[in-house]
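Colleague: what follows is a predicted structure for the sequence shown.
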Amino acid sequence: MLSKKQTSVLLILFGFVLASGIGIAFAINDSENPHDSDREGSDGKTTYIENVADDTEEKDYWEFRYEISYVNGHSGYYTEGRCTGALDKPIIYGLGFNGFDLGAGGPASANQAFNWYEEQMEIMLSQGYDIIVIDYYDGDGDLRDNAENLAHFINYLDDLMEAQGYIDGDGDGHPDYGLAYSGFSMGGVIPRVMFAQQNEGMGIDIYASLDGVHQGVVFSNLVNPIIQTVFNIGVAWPFFDTPAGRQLTIGRDAHNELFGWLASIETEEFLDRVIEPMDTVAVALSNAENPWEVSDWDLFFHTKFSGACSYVPLVSISHEDSYALRTDFVPYHSAINMDNPTVFRDGNTFWYEDTTTSFFDETIINEPSAHVYILHINGPCPHVHGVGQAWNFISNHWESLN
């Protein structure tokens, strides 16, 4: 017998998923990405720099913006940066999956990021760093296309730095300036795809991944049957049935193809030549360094990774909610790109035999927490503390670049 609390949870979740899913489905069908219509046939390149000041507030930074609507025939990207002096300590911050495809990519998403991470950004700006947010107009498009977008922007940034007098002294094809990249979720794995496609590190010196989906995501058992029944689709959310969504969902053909290709590229020789010269860290919004227990309830409605993965609350009242309606999301082995993701079991106890990652130099663990919120009534962005950890790593390793 289900308890009164558990029955209430199921009824609320079913009603929420049904209502929100229908709303999302209609919104997707009725909307168009403005970058697919008003810029057809043009590269849409725009570049401008402006001082940030107005009559009511004086700000001690200037803004940098660059966008291009199309790169090699696919949707392009938008970047927005904040700099306190010369553009000389750039940190590129890559945003994650945007599956709504409602034209929210670009300036809207970049502005949201600056609002979410305002405190962390102010700390980094005060230390002279330049924060550049990159977002993709096709935020749910093929990861290989957006990896190509990231490479395109880095080449553009190289041109800016060469114009300031930086030269390619080591002959790697990029001027010798310090360059760090940090990315959240899908934004954490796009550089890996870029490194594989370009067969080089693209001049990146420091690479910090925040709950990156390096081996994909899982969805709770509770979510999939409801959505499959209502929408007759085999994926957890309608907006995850997209090129990127299929590539990131463990078990789907597109996921096996993409990550199988990555594995074929990331040989020991490749890791030694391309990745080893970088300072790298994986920040996980979870912790499975030790065995974890999964109740029968969670095994039935969620997955074996419950308690060892970040999760997505579907309905949450506050940041401290301990019983938010949720789905499991990024398993620990995915967040740190574990060499051997095999999970062992004894009753309700689960564990990884070896949590080694050959890809990242360091890992930072956290208590399992929310990855993002779908519907949240009160509280800050859930992964803000992880952004601070990633950027602290960058700051601590920057001096070694000189």
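Modeller: Arrived safely.
Colleague: from here on, contacts and neighbour counts on C-alpha atoms
Modeller: Will do.
Colleague: poorly predicted segments of the stretch 51-200 of the chain, please.
Modeller: Low-confidence segments of the stretch 51-200 of the chain, defined by pLDDT under 70: 51-59, 99-108.
Colleague: isn't residue 243 up against residue 145?
Modeller: No: between residue 243 and residue 145 no contact is recorded; they are 10.4 Å apart, counting by CA atoms under 8 Å.
Colleague: please say which of these two ends up with more neighbours.
Modeller: Counting neighbours by other CA atoms under 10 Å for residue 243 and for residue 145 shows that residue 145 has the greater number, 21 against 17.
Colleague: just give the closest residue to the more buried one, not the sequence neighbours.
Modeller: What sits nearest to residue 145 in space, not counting adjacent residues and going by CA to CA, 6 or more residues apart in numbering, is residue 74, at 6.9 Å.
Colleague: which residue ranges of the stretch 101-250 of the chain form helices?
Modeller: When assigned using DSSP state H, counting those that start in this stretch, the helices of the stretch 101-250 of the chain occupy the ranges 107-116, 118-126, 143-163, 186-198, 223-231, 243-248.
Colleague: redo the ones you listed as JSON lines? Include distance to residue 400.
Modeller: Formatted as JSON lines, these follow (distance: least, CA to CA, whole Å):
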{"stretch": "helix 107-116", "distance to residue 400": "27"}
{"stretch": "helix 118-126", "distance to residue 400": "17"}
{"stretch": "helix 143-163", "distance to residue 400": "20"}
{"stretch": "helix 186-198", "distance to residue 400": "22"}
{"stretch": "helix 223-231", "distance to residue 400": "46"}
{"stretch": "helix 243-248", "distance to residue 400": "34"}
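Colleague: residue 216 is nearest to which of the ones you listed?
Modeller: Within the helices of the stretch 101-250 of the chain, the stretch nearest residue 216 is helix 243-248; the backing value is 4.6 Å (CA to CA).
Colleague: on contacts alone, who are the packing partners of that closest one?
Modeller: In terms of contacts (3 or more CA pairs under 8 Å, 6 or more residues apart in numbering; DSSP states H and E), helix 243-248 is packed against helix 143-163, helix 253-265.
Colleague: ranking these by burial, who's on top?
Modeller: Among the helices and strands packed on helix 243-248, ranked by average contacts under mean count of other CA atoms under 10 Å, first place goes to helix 143-163 (a mean of 19).
Colleague: does anything pack onto that one? Which helices or strands?
Modeller: Contact partners of helix 143-163 among helices and strands, from 3+ CA pairs under 8 Å, 6+ apart: strand 58-71, strand 74-83, helix 186-198, helix 243-248.
Colleague: will you turn the ones you listed into TSV that also has distance to residue 96?
Modeller: What follows is the helices and strands packed on helix 143-163, written out as TSV (distance: least, CA to CA, whole Å):
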stretch	distance to residue 96
strand 58-71	18
strand 74-83	13
helix 186-198	5
helix 243-248	11
